[in-house]
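>>> kindly generate the corresponding structure for this input.
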Amino acid sequence: MNKLKIETFIGEEEINAPVYKIESFPITNPLAVEKAQKILEENEGDYLSGFVSLIYNDVVIFGEEQITESLLETWSDLIYIFNSHYDGRSHGIVFLDNASYNDTVIQENGQFYEIQLDCSQSFLVPIEIFKNEVKKEFYKFVEFCKNEKLQFSEESSYCGLLETYDELLGT
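Predicted coordinates:
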C-alpha cells in the first residue's frame with residue numbers, strides 16, 4: 001500500500017476557548033495566509049505556529065498534537081535528512097514549545113526511517129517515499145511563505161530555509 005501524505009497547517013491553540021481547541025488551516029487554504037500574517041505580526045516575525053501532518057497508510061504519525069510555535073524549526077529538522085552531513089543516525093525533530101514531543105527522533109533502519117515520537121511510539125516509513133514527500137511539501141511550504149510575502153524577522157530561521165530550498169532545487 002505505502003500511501004504517505006504530508007501537509008503543513010498554519011494555526012495556533014485557541015487560548016480563550018472553553019475546550020482545548022486548535023484553529024488551523026492547510027497552507028492550500030486562503031485563510032492560512034491571513035492566519036500566518038496575524039501570527040507573525042503577534043510574534044514580531046520570529047515564530048510561525050502550526051503543525052506538519054504526516055499520515056502513513058492511514059496512521060497519523062504527526063498531527064495536531066505536534067503543534068509547534070516554530071514551523072520553520074520543524075521544517076529545518078525534517079529536511080535535515082537531505083543534508084550531506086546526515087549519516088542516517090538518530091536526528092531530533094523539534095516541535096518548539098511542545099513539551100510532549102521533545103524527544104522525537106528519526107533514524108535509518110534498513111530501507112526505512114524509524115520515527116520515534118517518544119519511548120512508547122515508533123513508526124517505520126520507507127525512506128524513498130518519505131524523502132520524496134518531505135521534499136515536495138517542503139517546497140510547497142517555502143513557496144507559500146515566499147509567494148504570500150510573509151514577513152519574517154532576521155532572527156528567524158527563514159533565511160536558512162531559503163538557502164536549503166535553493167540547494168534542493170539545484171539537485
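
>>> which phi and psi does Ser120 have?
With angles defined as degrees, to the nearest 10, Ser120 sits at phi -110, psi -10.

>>> any regions of the chain where pLDDT drops low?
For the chain, the stretches with pLDDT under 70 are 1, 16-19, 99-101, 171.

>>> C-terminal to the helix ranked longest in the chain, what's the next element?
Criterion DSSP state H: the longest helix present in the chain is helix 127-147. Remark: after helix 127-147, the chain's next helix or strand is helix 158-170, criterion DSSP states H and E.

>>> so which elements touch that following helix?
When contacts are defined as 3 or more C-beta pairs under 8 Å, 6 or more residues apart in numbering; DSSP states H and E, helix 158-170 sits against helix 71-78, helix 127-147. All C-beta atoms are positioned from the backbone trio N, CA, C, and that covers glycine.

>>> what about Val125, distance to Asn102?
Separation of Val125 from Asn102 (C-beta to C-beta, to the nearest Å): 21 Å.

>>> can you report how many residues lie near the nearest residue to Val134 once chain neighbours are set aside?
Take Val134 and drop its neighbours on the chain: the residue closest to it by C-beta to C-beta, 6 or more residues apart in numbering is Leu78, 5.6 Å away. Leu78 has 23 neighbouring residues, counting by other C-beta atoms under 10 Å.

>>> ok, Leu78 touching Lys136?
No - shown here, Leu78 and Lys136 do not form a contact pair, counting by C-beta atoms under 8 Å, at 11.9 Å.

>>> list the buried ones in stretch 24-37?
Judged by neighbour count using 16 or more other C-beta atoms under 10 Å, the buried positions of stretch 24-37 are Ser24, Phe25, Pro26, Ile27, Ala32, Val33, Lys35, Ala36, Gln37.

>>> list the contacts for Tyr86?
Counting by C-beta atoms under 8 Å, 6 or more residues apart in numbering, Tyr86 makes contact with Tyr80.

>>> what's the answer for Glu14, then?
The contact partners of Glu14, taken as C-beta under 8 Å, 6+ apart, are Lys21, Ile22, Glu23.
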